[in-house]
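Q: build the 3D model from these lines:
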Amino acid sequence: MNASQQPGVLQTPGFAHYSLAWSPFHTARLALASSANFGLVGNGRLHLVSVTPGPGGLPVLTIDKKYETQDGLYDVAWSEIHENQVVTASGDGSIKLWDIMLNDLPIRAWQEHTREVFSVDWSNLKKDMFASSSWDGLVKLWSPERPRSILTLQAHHACVYQAMFSPHQPDLLATCSTDGTLKIFDLRSPSYVNSGPNSNTFSSPLSAAVLTVPASTTEILSIDWNKYRPMVLASAGVDKLAKVWDCRMVKTGEINQVGGICETQLMGHEYAVRKVQWSPHRPDVLATASYDMTCRVWTTTPTPGRPQLLHIHDPHTEFVVGCGWSLYEEGILASCSWDGASLVAVFI
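A: All right, here's what the predicted structure looks like:
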């Protein structure tokens, strides 16, 4: 049994993983966004991975296909309308759409961002739209059928690490940044409505957030919407904390101090928290991935006298920068790391 067939482990020598995503169409299909030389310089690779039952019921990860790119890949998202399409975010500012039934080349490519593209997110409500965020401070909305972006937001005046559509309201988009804030944009706002055939947001990006939460005195690296509680967000970042925010309880102008409206804080990581993701199966469970080389599972509603921390997953030997819950099977979490390993853990 070679390394790629070891239960629950996939090794990709020479490539550090930055992000992973489970397919919304297939229960056992993963996509991995990876970079050579830890993403600092060199090429990238998109891995397509299948997860199958192995000896003793342990999962076996196998690479089905891989695509080479000229620059490192930082994020990946599956299409919500086409089961064989996936979009990637690259360090050269490009965004590429791939059809996994084809070989070698992307079927579409866009080059509008002027810095590294650090996140892509496909709307699961407006399924013909995805968003990108970049170190250039911009968030862009895209349709896979159009040659240019649909809308540009000057979301922050610093690197935007992540932009995510709300799973409850199709026109809400959340962002987080190096400036320590998370913001919510309402695309139904009059300022975002296309005012005519000659209007565009390329020369004058839109910037009016409906809500700005000063969530940290340091960089916020990741956010995620709760799948069951509308307007509830989790954030995580350099302060080593994961925080839960109920944005219905926040009113502009009433925030007097950083963290003052925080619903709960999850403490325990020793270094920055690079990724946070709510469970798609339970409203009170979320996972975090950290530079302390661990992936952790938490509950926001612990049994009295019990800790919020449920599990510590620590087989990685480098920064853990990505994690993702299986969309179909409860209790299955995948993690990926700069050690070139992707792991699937089962939490019962």
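Q: what are the buried residues along stretch 281-292?
A: Residues of stretch 281-292 classed as buried by neighbour count (16 or more other CB atoms under 10 Å): H281, R282, D284, V285, L286, A287, T288, A289, S290, Y291, D292. (Glycine included, C-beta is placed from N, CA and C.)
Q: can you check stretch 288-307 too?
A: 288-300.
Q: TSV for those residues, including pLDDT?
A: TSV is the format used below for those (pLDDT from 0 to 100):
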residue	pLDDT
T288	98
A289	98
S290	98
Y291	98
D292	97
M293	97
T294	97
C295	96
R296	97
V297	97
W298	98
T299	97
T300	97
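Q: check which residues of whatever helix or strand A33 lives in are buried.
A: Element membership of A33, judged by DSSP states H and E, is strand 29-36. Across strand 29-36, burial judged by 16+ other CB under 10 Å covers R29, L30, A31, L32, A33, S34, S35, A36.
Q: and the helix or strand that comes right after it, what's its mean pLDDT?
A: Using DSSP H and E, the helix or strand that follows strand 29-36 towards the C-terminus is strand 44-53. Averaged across strand 44-53, the pLDDT comes to 94.
Q: how big is the angle separating strand 44-53 from strand 29-36?
A: 150 degrees (axes from the mean of the first three to the mean of the last three CA atoms, to 10 degrees).
Q: which elements pack onto strand 44-53?
A: strand 29-36, strand 59-69, strand 73-78, strand 85-90 (3 or more CB pairs under 8 Å, 6 or more residues apart in numbering; DSSP states H and E).
Q: of all those, which one is nearest L182?
A: strand 73-78 (17.7 Å; CB to CB).
Q: what does that closest one contact?
A: By CB atoms under 8 Å, 6 or more residues apart in numbering, the surrounding residues in contact with strand 73-78 are 18-25, 31-35, 39, 44-46, 85-91, 116-122, 130.
Q: quick check: mean pLDDT of that strand?
A: 98.
Q: just send the helices and strands packed on strand 44-53 back as JSON lines, with distance to V51 too.
A: Shown next, in JSON lines, are those (distance: least, CB to CB, whole Å):
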{"stretch": "strand 29-36", "distance to V51": "6"}
{"stretch": "strand 59-69", "distance to V51": "5"}
{"stretch": "strand 73-78", "distance to V51": "15"}
{"stretch": "strand 85-90", "distance to V51": "16"}
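Q: out of these, nearest to A215?
A: strand 73-78 (20.7 Å).
Q: between the closest one and strand 59-69, how many degrees?
A: Going by the same axes, to 10 degrees, strand 73-78 makes 120 degrees with strand 59-69.
Q: strand partners of strand 73-78, parallel vs antiparallel please.
A: If you go by DSSP bridges, strand 73-78 pairs up with strand 85-90 (antiparallel).
Q: in the protein, what spans have low per-residue confidence?
A: The chain contains residues with pLDDT under 70 at 1-7, 38-40, 190-204, 249-260, 348.
Q: give me the beta-bridge partners of the closest residue to T62 other than its chain neighbours?
A: The shortest distance from T62 to any non-neighbouring residue, by CB to CB, 6 or more residues apart in numbering, is to S50 (5.2 Å). Counting by DSSP bridges, S50 forms beta bridges with R29, T62.
Q: surely S50 and L61 touch.
A: Yes. Counting by CB atoms under 8 Å, S50 does reach L61; the two are 7.5 Å apart.
Q: what sits in contact with each of the two?
A: Contacts common to S50 and L61, judged by CB under 8 Å, 6+ apart, are L30.
Q: pick out whichever of those two has more residues nearby.
A: Each of S50 and L61 has its neighbours counted (other CB atoms under 10 Å); L61 has more, 27 against 16.
Q: check contacts around the more buried one.
A: So L61 contacts S4, G8, V9, L10, L30, V49, S50, V51, S342, V344 (CB under 8 Å, 6+ apart).
Q: what do you get for T218?
A: G180, G237, V238, D239.
Q: burial of the second one, as a residue count?
A: The one in question is G237. Using other CB under 10 Å: G237 sits among 27 other residues.
Q: just the last one next, same as before
A: The tally of other residues near D239 (other CB under 10 Å) stands at 23.
Q: that one in helix, strand or coil?
A: coil (DSSP: H, G, I helix; E, B strand; the rest coil).
Q: quick check: it vs G72, distance?
A: According to CB to CB, to the nearest Å, D239 and G72 sit 26 Å apart.
Q: so S326 makes contact with A21?
A: No. Using CB under 8 Å, S326 makes no contact with A21, being 11.2 Å away.
Q: hey, C-alpha coordinates of whichever strand or helix holds A345 in CSV?
A: For A345, the host element (DSSP H and E) is strand 341-346. The C-alpha atoms that make up strand 341-346 are tabulated as CSV, following Å, rounded to 0.1, in the frame of the first residue of the first chain:
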residue,chain,number,x,y,z
ALA,A,341,-0.8,15.8,3.5
SER,A,342,-4.6,15.7,3.3
LEU,A,343,-6.3,13.8,6.1
VAL,A,344,-9.9,12.6,6.7
ALA,A,345,-10.9,12.2,10.3
VAL,A,346,-14.1,10.7,11.6
